[in-house]
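Student: Sequence first, predicted model second:
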Amino acid sequence: IFMNDSHSKARDHSHDSVEHIEYDPELGKGWYSAFLSRTRVILLILIAIFVAWFLALKTLPLESNPEVKIGKAVVSVVYPGAPPETVEDLITKPIEKEITRVKWIDTYESTIRNGVSSTVVTFKSNTDAADVTRQMKDQVDLAASNFPEDAKDPIVKEVSFSDQPIWVMAVSWDMDSITLGDYADRIADELEKVPWVQDVQVTGADKLEYQISINPIALSSFGLSLENVNTALKSKNINLPLDSVNTSDGEHAITIDERIYKIDEILNLPIVQITNANTNSQGIIRIKDVASVRALAADRSTISRFAPQIQSGWLAPTTNSVQLSVVKRSGGSILDLVDLGNKKIEEMRASWRIPSSLNIKTIQDNSERIRLDLEQLIRDGIITVTIVILVHFAVIGVIEAFVAGLAVPIVFFITFAVMAFAGQTLNFLSMFALILSLGLLVDDAIVVITAINQYKRSGKFSTKEAILLVIRDFKRVLISTTLTVVWIFSAMLFMTGLIG
């Protein structure tokens with residue numbers, strides 16, 4: 001009896017709390033009241049949101065990880081055969097002296113080994129890492145002008161998570177490694193034409209080098225020296241970077257590439273033009289007149305082997321293979337990149353630019369993880385909307401359940417459109433944030449719909465009046481609750497360094 005009395009008093013108190021509320025006609029003059037009586041406008045807005053979401057899905061880049069700028073760069077120089085003390089005095093110290101002139105460098109740390117100098121440079125917070133890296137490269141080039149002749153050219157590279165391969169393949173077949181490497185280079189050249197591909201790294205392949213054997217008797221008969229041959233080779237076999245051009249597809253380098261790739265080009269390379277004193281005729285002395293040329297396999301620095309399948313629990317015999325590692329540019333969708341890359345490979349098979357039986361096996365494919373995360377997000381969203389609709393249907397009613405369930409996809413559609421417009425990517429962090437926001441959306445929907453039904457059950461207000469009263473009475477509560485959650489997470493916006 002006591003429990004029944006308590007429930008009766010609670011209902012009476014709820015009813016009394018609504019009885020003293022009066023509708024203010026001024027609420028009907030607010031800007032949000034105009035939407036309640038214009039169904040077509042609401043439908044047009046919903047259609048516009050759906051269209052914006054559909055277009056956003058076409059352009060929104062999908063990635064496994066967010067693009068993180070960690071603000072570091074590495075300067076590496078190889079000085080073959082030099083002990084650490086010599087490398088420090090002739091390589092490392094000049095580099096450190098020059099890079100300290102760059103304004104935005106915070107700290108640097110050098111590691112010296114036999115024949116190798118490596119300097120890791122950390123930039124100050126809130127700097128343009130690409131611009132600082134270019135400035136640092138200019139200073140390193142100044143230091144390199146005084147390096148010993150045997151020292152290799154310095155390599156200055158910005159450290160970035162986006163430089164990691166997102167797609168790795170093994171190319172194998174029963175053939176010699178030089179021919180296999182040639183096919184791998186063809187595939188790499190085609191893949192580099194795919195939008196958003198920054199680089200395709202080829203490892204494990206034999207590279208051709210050409211051995212030029214000079215005939216000293218023929219050389220002296222023409223009055224030439226080895227220096228004449230070296231000068232001819234250096235002047236024709238060049239690869240000079242000129243500039244770079246920024247386009248909608250990214251940054252493109254402009255170079256002069258006159259490198260020699262064929263034996264015939266080397267044999268026909270002119271050394272000097274001579275005049276016959278007896279006949280007063282002119283002729284050209286070429287490499288083939290004083291030397292012979294043959295192709296050899298260069299010394300390997302890496303070896304790649306591939307086991308094509310597993311037989312009876314044991315690995316099948318390994319074969320020669322070449323590894324292709326695809327690095328993506330900033331922005332762009334991994335899914336589109338991999339799909340277009342596979343299409344390019346199939347086109348090469350169809351046109352016989354590579355053998356149809358050439359075995360190309362994917363070792364790593366980050367797009368598979370993206371597809372799985374996207375499927376999980378869609379599945380969780382459908383489950384959440386279904387549960388919300390069922391709970392509201394059981395407790396409140398059909399229409400209210402439909403309205404509460406519709407709030408989740410609408411907010412997601414708007415979020416995708418805003419992300420695409422702002423140039424953001426859809427990755428595991430943004431997907432996690434969307435799933436995290438589901439609870440807040442459902443809570444607000446429950447509060448609003450419950451309050452509207454409570455006002456309607458009093459019999460004093462129409463549906464429109466109940467909605468306007470709920471907006472008036474609950475807008476500050478809902479806004480403050482939402483802003484509280486936003487403010488808690490907004491603290492991360494002020495974090496600096498790698499975590500920020």
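Tutor: On my side now, so go ahead. Remember, it's a predicted structure, so these values are computed and weren't measured experimentally. Numbers count the residues shown, from 1 in each chain.
Student: Let me see the ranges of the strands in the stretch 1-150 of the chain.
Tutor: For the stretch 1-150 of the chain, the strands defined by DSSP state E, counting those that start in this stretch occupy 69-78, 105-113, 116-123.
Student: Which neighbouring elements make contact with the second one?
Tutor: Judged by 3 or more CB pairs under 8 Å, 6 or more residues apart in numbering; DSSP states H and E, strand 105-113 is in contact with helix 84-87, helix 93-99, strand 116-123. For the C-beta atoms, the positions are set from N, CA and C on the backbone; glycine is no exception.
Student: can you do 10 Å?
Tutor: strand 69-78, helix 84-87, helix 93-99, strand 116-123, helix 129-144 (3 or more CB pairs under 10 Å, 6 or more residues apart in numbering; DSSP states H and E).
Student: want to throw these into TSV with mean neighbour count, distance to Asn320 and mean pLDDT?
Tutor: Formatted as TSV, those follow (neighbours: other CB atoms under 10 Å; distance: least, CB to CB, whole Å; pLDDT from 0 to 100):
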stretch	mean neighbour count	distance to Asn320	mean pLDDT
strand 69-78	20	27	85
helix 84-87	15	36	90
helix 93-99	18	39	90
strand 116-123	20	29	90
helix 129-144	17	37	86
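Student: Of all these, which one is nearest Ser160?
Tutor: strand 69-78 (6.8 Å; CB to CB).
Student: what's the angle between that closest one and strand 116-123?
Tutor: Strand 69-78 and strand 116-123 meet at an angle of 160 degrees, taking axes from the mean of the first three to the mean of the last three CA atoms, to 10 degrees as the criterion.
Student: Parallel or antiparallel, which strands does strand 69-78 pair with?
Tutor: Pairing partners of strand 69-78, with direction, according to DSSP bridges: strand 116-123 (antiparallel), strand 155-160 (antiparallel).
Student: roughly how far out does the first one sit from the chain middle?
Tutor: Taking the mean of its C-alpha atoms, strand 116-123 sits 24 Å from the chain's own mean (CA atoms, centre = their mean, to the nearest Å).
Student: just the angle between it and strand 105-113, please?
Tutor: Angle, strand 116-123 to strand 105-113, by the same axes, to 10 degrees: 160 degrees.
Student: So what angle separates the directions of strand 116-123 and helix 129-144?
Tutor: Strand 116-123 runs at 140 degrees relative to helix 129-144, counting by the same axes, to 10 degrees.
Student: got it, and the last one?
Tutor: Regarding strand 155-160 and helix 129-144, their directions subtend 160 degrees when assessed with the same axes, to 10 degrees.
Student: Show residues contacting strand 155-160.
Tutor: Residues outside strand 155-160 that contact it (CB atoms under 10 Å, 6 or more residues apart in numbering) are 67-78, 95, 99, 118-123, 129-130, 132-134, 136-141, 163, 327, 330.
Student: Pull the distance from stretch 365-373 to the chain's centre.
Tutor: Remark: stretch 365-373 is offset 13 Å from the chain centroid, using CA atoms, centre = their mean.
Student: one step back: out of the helices and strands packed on strand 105-113, which gets nearest to Gln198?
Tutor: helix 129-144 (13.1 Å).
Student: Show me what whichever helix or strand Ile479 is part of is packed against.
Tutor: Taking DSSP states H and E as the definition, one finds Ile479 inside helix 463-490. With contacts taken as 3+ CB pairs under 10 Å, 6+ apart, helix 463-490 sits against helix 33-36, helix 428-457.
Student: Redo those as CSV? Include mean neighbour count.
Tutor: Compiled in CSV, those are given as follows (neighbours: other CB atoms under 10 Å):
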stretch, mean neighbour count
helix 33-36, 14
helix 428-457, 16
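Student: Can I get those in a markdown table including distance to Glu265 and mean pLDDT?
Tutor: As requested, the helices and strands packed on helix 463-490 are arranged in a markdown table below (distance: least, CB to CB, whole Å; pLDDT from 0 to 100):
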| stretch | distance to Glu265 | mean pLDDT |
| --- | --- | --- |
| helix 33-36 | 74 | 74 |
| helix 428-457 | 50 | 77 |
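Student: how about these in TSV, adding distance to Gly204?
Tutor: Converted to TSV, these look like this (distance: least, CB to CB, whole Å):
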stretch	distance to Gly204
helix 33-36	64
helix 428-457	31
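Student: Out of those, which is closest to Lys207?
Tutor: Smallest distance to Lys207 across the helices and strands packed on helix 463-490 (CB to CB): 38.2 Å, for helix 428-457.
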